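[1] Provide a 3D model corresponding to the input given below.
(one chain, ligands or ions: 1)
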Amino acid sequence: MRSALERGLHDAATFRAALSDVAPVDRDSWLDLVLDLPEPPADEHQLPRGCVPYLPCSVETLLHAVDGASITASDVFVDVGSGLGRATALVHLLTGATATGLEIQACLAQESRKLATRLRLARVTTLEGDASSPATPMPRGSVFFLYCPFSGERLARLFETLEPLARAEPLRICCVDMAAPECAWLSPHAAPSENLRIYRSTKRA
Ligand SMILES: C[S@@+](CC[C@H](N)C(=O)[O-])C[C@H]1O[C@@H](n2cnc3c(N)ncnc32)[C@H](O)[C@@H]1O
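    Predicted coordinates for the structure are as follows:
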């Protein structure tokens, strides 16, 4: 199955059609097989307090994010806390968007780079760093995706970092299993599923 899919892997419409042919309940294992994902390495002992360990977001939620945020090939999708690079690879394959991961755990960042190289996904990259630290340069993007990487003060700092980016261009922010902090420059846009909220930056940014 994998080699047949690999022939159409780089065409977004073909990839989406192949995924749509799979029953929703089987889509996560299908994706793991197609990407030939390794077992995730154990989370690092020194994962800073308040940082959530690796857990992949479900394909169904990512499909809701892609459709609810209207992600297209002209977008730059940034996964804040990108783990193995599964979400960045999937969103790129479904839409053609450039996709960037930002991950604090070196071993996960390394595995996601290996994945992008193996699948020849030249527009999928991963940076290593603490997304909640103002010292970490935040990649430019038009759509930011957060599957609950951290909360509280770390989350507030991240949104402070995003505000100047929202002044440069309109942002969409997808939050899974979490809400964005109250920000004057952000307003709710959609809630396509129970666990997903999508926000848009406003002109006030
Ligand atoms: C729940 S997992 C989500 C993984 C990925 N977004 C996905 O959906 O497949 C949270 C990820 O955030 C990473 N993370 C936690 N704190 C972080 C931080 N301060 N900066 C960057 N990444 C962080 C964790 O290492 C983990 O890979």
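[2] near the ligand, which residues of this protein?
    Residues of the chain lying close to the ligand by C-beta under 6 Å from any ligand atom are 51-52, 54-57, 79, 81-83, 86-87, 102-105, 108, 130-132, 147-150. Just so you know, the C-beta spots here come from the backbone N, C-alpha and C atoms, and that holds for glycine as well.
[3] Of those, which belong to helices?
    86, 87, 108 (DSSP state H).
[4] Dump those residues into JSON lines; add neighbour count and distance to residue 161 as well.
    Formatted as JSON lines, those follow (neighbours: other C-beta atoms under 10 Å; distance: C-beta to C-beta, whole Å):
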{"residue": "86", "neighbour count": "25", "distance to residue 161": "24"}
{"residue": "87", "neighbour count": "26", "distance to residue 161": "20"}
{"residue": "108", "neighbour count": "24", "distance to residue 161": "21"}
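[5] pLDDT-wise, what's the bottom of these?
    Among those, residue 108 has the lowest pLDDT, at 95.
[6] For the closest residue to that one other than its chain neighbours, which residues are in contact?
    Distance criterion C-beta to C-beta, 6 or more residues apart in numbering; nearest residue to residue 108, sequence neighbours excluded, is residue 83 at 5.3 Å. Residues in contact with residue 83 (C-beta atoms under 8 Å, 6 or more residues apart in numbering) are 40, 54, 55, 56, 101, 103, 105, 108, 112.
[7] Mind telling me which residue of this structure is nearest the ligand?
    Nearest residue of the chain to the ligand: residue 81, at 2.3 Å (C-beta to the nearest ligand atom).
[8] any idea how far residue 196 is from the nearest residue to that residue once chain neighbours are set aside?
    Nearest residue to residue 81 in three dimensions, chain neighbours excluded: residue 149, at 2.8 Å (C-beta to C-beta, 6+ apart). Noted for residue 149: a distance of 15 Å to residue 196, by C-beta to C-beta, to the nearest Å.
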